[in-house]
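Novice: how would this look folded up:
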Amino acid sequence: MNKNLPKWVDLGLIPLLTLALAFAVSGLVVLSIGQNPIAVVKVMIQGAFNPFGIGHTLYFTTNFIFTGLAVAVAFHAKLFNIGGEGQAGIAGVGVALIMLSFDWPNWTIALLVGTLAAMVFGAAWAAIPAYLQAKRGSHIVITTIMFNLIATAIVGYLLVGPLQAVGSLPESPSFPPAASLPTMHDILGVFGIEFDKNAPVNISFFIALVAALLVWILIWKTRLGYEMRAFGHSERAAVFAGISPMKITMVAMLISGALSGLMAVNTVQGEAERLVIGAVEGAGFIGIAVALMGRSHPVGVVLAAFLFGILTQGGAELQYELGIPPQMITVIQALIIMFTGSMENLVRVPLENIFIRAGKGAAS
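Specialist: Numbers count the residues shown, from 1 in each chain. Now for the predicted structure:
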């Protein structure tokens, strides 16, 4: 946190102002294609929060929480893990292999084993770039990009080969019925609350919230988290204090990969109940924006993930209601990334100057 700014400004006001700037510029883009920005916002909000849309909004939010947390954990150790796509994709393979290998007695056991498989496969895929960075000096950004492509090729090969179900579609056989996870409709129905039974959001949403809590405990309440943050702030100082770069790089990336892998529980085991092409749906890259906007803090990540969930579901509604192409939502997401990341100083520097002058005025 910047010492010149109060915490509520650094973690709250600045993200809100940068977000407002991003939406203001987005409004100009919408005007340029002949659409009314106010009408567009109304359609997006209605599409994201109507009884049908909220289930999809929370489904996308779940994906973005997992990938956002994955990027955030790596950020704290000054590692730029942009391999969430590949890690989630390989985790989906692991979940599919496990789910198709046994006749599950009930969903509880299937969920526990599937969650473990997703974490192990995601962490294993992240371990290779981590090792190459720690031992060989290969840049983590380059290797994780390459491993995204390799993972995509592996999944594609498996779904038109060894794992392909009978038929022409590139997908695996359906998982056993007992492995089906409870949906939000099932969970809230126990309490007499109605929810769209066709909504894809499932119990993975609560796993994502628990993961956010555990990441907060890890980063701010454990010795390992302290070592990761110390390493991220200054590698030389961390080494002088006896912190091993090899250990921090490997552990941070393993945790990051495991978090990305958890997304497969939501998409593969929870929603599709089979492995399909494109199951990751670009969430690995959106996780980068989520972590940036959320300041790598679990609470910020959850809120940013919800925003991007709204944009994703609301964007689909824009295409249906107003005929606006889906690329427009990509533009809005890109603007949010640009303003919350590379152009943050447009807001930060003026605010710092204001608080510095206020501090000098109070001192005099």
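
Novice: what ranges do the helices span in the stretch 101-250 of the chain?
Specialist: Along the stretch 101-250 of the chain, the stretches classed as helices by DSSP state H, counting those that start in this stretch are 107-136, 140-159, 184-189, 204-221, 223-233, 235-240, 245-261.

Novice: mind listing what's buried along stretch 211-221?
Specialist: Applying a neighbour-count criterion of 16 or more other C-beta atoms under 10 Å, the buried positions in stretch 211-221 are 211-212, 215-216, 218-219. C-betas here are computed from N, CA, C, even on glycine.

Novice: how about those, which pair is most distant?
Specialist: Comparing every pair within those by C-beta to C-beta identifies Ala211 and Ile219 as the most remote, at 12.4 Å.

Novice: just give the number of residues close to Asp103.
Specialist: Counted with other C-beta atoms under 10 Å, residues neighbouring Asp103 total 7.

Novice: Phe175 is in contact with that one, correct?
Specialist: No. Asp103 lies out of contact with Phe175 (C-beta atoms under 8 Å); the separation is 10.7 Å.

Novice: pull up the overlap in contacts between these two.
Specialist: The contact sets of Asp103 and Phe175 do not overlap (C-beta atoms under 8 Å, 6 or more residues apart in numbering).

Novice: give me the distance between the nearest residue to Phe308 once chain neighbours are set aside and Gly282.
Specialist: Beyond its immediate neighbours in the sequence, the residue positioned closest to Phe308 (C-beta to C-beta, 6 or more residues apart in numbering) is Phe64, lying 5.0 Å away. In this structure, Phe64 lies at 10 Å from Gly282, with C-beta to C-beta, to the nearest Å as the measure.

Novice: for Pro182, same thing?
Specialist: With the distance defined as C-beta to C-beta, Pro182 ends up 26 Å from Gly282.

Novice: Gln35 contacts Leu322, doesn't it?
Specialist: Yes. Using C-beta under 8 Å, Gln35 is in contact with Leu322, at 6.5 Å.

Novice: with neighbour numbers in mind, choose between those two.
Specialist: For Gln35 versus Leu322, neighbours defined as other C-beta under 10 Å are more numerous around Gln35 (18 against 15).

Novice: what pLDDT does the more buried one get?
Specialist: At Gln35 the predicted local confidence, pLDDT, stands at 86.

Novice: and it, helix, strand or coil?
Specialist: coil (DSSP: H, G, I helix; E, B strand; the rest coil).

Novice: report the contact partners of it.
Specialist: Applying C-beta under 8 Å, 6+ apart, one finds that Gln35 lies in contact with 322, 324.

Novice: just the CA trace of whatever helix or strand Ala24 lives in, in CSV.
Specialist: Assigning secondary structure by DSSP states H and E places Ala24 in helix 14-32. Coordinates of each C-alpha in helix 14-32 appear next as CSV, following Å, rounded to 0.1, in the frame of the first residue of the first chain:
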residue,chain,number,x,y,z
ILE,A,14,-8.7,4.4,-6.7
PRO,A,15,-10.2,1.2,-8.1
LEU,A,16,-13.7,2.8,-8.2
LEU,A,17,-12.4,5.9,-10.0
THR,A,18,-10.4,3.9,-12.5
LEU,A,19,-13.4,1.8,-13.1
ALA,A,20,-15.6,4.9,-13.6
LEU,A,21,-13.1,6.2,-16.2
ALA,A,22,-13.1,2.8,-18.0
PHE,A,23,-16.9,2.9,-18.2
ALA,A,24,-16.9,6.5,-19.3
VAL,A,25,-14.6,5.7,-22.2
SER,A,26,-16.7,2.6,-22.9
GLY,A,27,-19.7,4.8,-23.1
LEU,A,28,-18.0,6.8,-25.8
VAL,A,29,-17.2,3.6,-27.7
VAL,A,30,-20.9,2.6,-27.5
LEU,A,31,-21.9,6.0,-28.8
SER,A,32,-19.6,5.6,-31.7
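
Novice: average pLDDT for it?
Specialist: In this model, helix 14-32 carries a mean pLDDT of 86.

Novice: likewise for stretch 232-244?
Specialist: Per-region confidence: stretch 232-244 scores 92 on mean pLDDT.

Novice: buried residues, it. List them.
Specialist: Neighbour-count burial for stretch 232-244, counted by 16+ other C-beta under 10 Å, picks out 232, 235, 238, 243.

Novice: on contacts alone, who are the packing partners of the helix or strand Gly92 falls within?
Specialist: Take DSSP H and E as the rule and Gly92 turns out to sit in helix 84-99. Helix 84-99 makes packing contacts with helix 53-76, helix 107-136, helix 140-159, helix 245-261, helix 263-264, helix 283-293 when contacts are defined by 3 or more C-beta pairs under 8 Å, 6 or more residues apart in numbering; DSSP states H and E.

Novice: can you give me how far the first one is from the chain middle?
Specialist: Distance of helix 53-76 from the chain centroid (C-alpha atoms, centre = their mean, to the nearest Å) equals 3 Å.

Novice: coming back round to it: quick one, which of the helices of the stretch 101-250 of the chain is nearest to Phe52?
Specialist: Judged by C-beta to C-beta, the one of the helices of the stretch 101-250 of the chain that comes nearest to Phe52 is helix 184-189, at 11.9 Å.

Novice: for that closest one, C-alpha coordinates in PDB please.
Specialist: Output in PDB follows, covering the C-alpha atoms of helix 184-189 (Å, rounded to 0.1, in the frame of the first residue of the first chain):
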ATOM      1  CA  MET A 184     -27.900 -23.600  -6.600                       C
ATOM      2  CA  HIS A 185     -31.400 -24.700  -7.200                       C
ATOM      3  CA  ASP A 186     -30.900 -27.800  -5.200                       C
ATOM      4  CA  ILE A 187     -29.000 -26.100  -2.400                       C
ATOM      5  CA  LEU A 188     -31.400 -23.200  -1.900                       C
ATOM      6  CA  GLY A 189     -34.400 -25.500  -2.300                       C
END
